[in-house]
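**Student:** Okay, here's the prediction I keep looking at, along with the sequence it came from:
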Amino acid sequence: MAGKRIEIAHSPYDSIPTQDFQTDAAATIIEAGMLLKRTSAGSPYVTPCATGDFTIGTDTNIVGLAAKDSTHTATADGKIEVYAPLQGIIYRAYATTAANIDTEAKLLAIEGDRVDLTVSATTSAGDWSINEDNGDTPALAFQVRGGNYSKGTVEFIIRDAATEYGGDKIT
């Protein structure tokens, strides 16, 4: 059974464009709801983000959110359909520590913070969450825009400078 994943909470677009990327044979599992980045600079392959991602200017570019599961196998490369990380899209994930946002006041206190990811495992059972524990760090890619304290979820954007589209400043 799949763990907790990231989802699109709100979009200003009628339809979010997708793009196909290559996945490497024998690579880790890649499922819908995982945030993906380039395996290395200039690589045609993508891989799931990991705990501590994403530092702008240090990590390879985010290509978007997996729309479907990848098609690679142990012996053959595959493809994966990915939602483009466009401006205006708001994503939703569980907070790493739900007690940090269990009241409206606590959730409001982290709004605007720039944070990173926590991934328990890049496996089918792994949980993906937004790590609100760090506080505001200007070089991090995900910016809190709200959430639902009763459900323990955080809504966030992916800052442009972290994506293939670039463009925003770190600070």
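**Tutor:** Received, thanks.
**Student:** can I assume Ile101 is in contact with Asp113?
**Tutor:** No - using C-beta atoms under 8 Å, Ile101 makes no contact with Asp113, being 11.0 Å away. Backbone N, C-alpha and C define where each C-beta goes, glycine included.
**Student:** shared neighbours of those two, anything?
**Tutor:** Glu132 (C-beta atoms under 8 Å, 6 or more residues apart in numbering).
**Student:** show me what contacts the most centrally placed residue in the chain?
**Tutor:** Closest to where the C-alpha atoms of the chain average out (C-alpha atoms, centre = their mean) is Leu35, at 3.8 Å. Residues counted as contacts of Leu35 (C-beta under 8 Å, 6+ apart) are Ile6, Pro48, Cys49, Asp53, Phe54, Ile62, Gly64, Leu65, Ala66, Leu117, Trp128, Ile158.
**Student:** circling back: for Ile101 and Asp113, indicate the residue with more neighbours.
**Tutor:** For Ile101 and Asp113, the more surrounded residue by other C-beta atoms under 10 Å is Ile101, and the numbers stand at 27 against 18.
**Student:** For that one, which non-adjacent residue is closest in space?
**Tutor:** Closest residue to Ile101 apart from its sequence neighbours, by C-beta to C-beta, 6 or more residues apart in numbering: Leu107 at 4.5 Å.
**Student:** same deal with Gly64?
**Tutor:** Distances taken as C-beta to C-beta, 6+ apart put Val82 closest to Gly64, at 4.1 Å, once the chain neighbours are dropped.
**Student:** and the gap between Asp69 and Glu31?
**Tutor:** In this view, Asp69 and Glu31 are 5 Å apart by C-beta to C-beta, to the nearest Å.
**Student:** where exactly do the helices run in the chain?
**Tutor:** Using DSSP state H, the helices of the chain run over 104-110.
**Student:** All the strands of it, residue numbers only.
**Tutor:** Using DSSP state E, the strands of the chain run over 7-10, 18-23, 35-38, 46-48, 62-66, 78-83, 90-95, 114-119, 128-131, 142-148, 153-158.
**Student:** got the contact list for the residue lying farthest from the centre of the chain?
**Tutor:** Farthest-out residue of the chain from its mean C-alpha position, per C-alpha atoms, centre = their mean: Thr75, at 27.2 Å. Counting by C-beta under 8 Å, 6+ apart, Thr75 touches Ala25, Ala26.
**Student:** same check, this time on Asp102
**Tutor:** Tyr149, Gly152.
**Student:** Can you tell me how far the closest residue to Ile16 other than its chain neighbours is from Ser70?
**Tutor:** Spatial nearest neighbour of Ile16, chain neighbours left out: Tyr83 (4.9 Å); criterion: C-beta to C-beta, 6+ apart. According to C-beta to C-beta, Tyr83 stands 14 Å off from Ser70.
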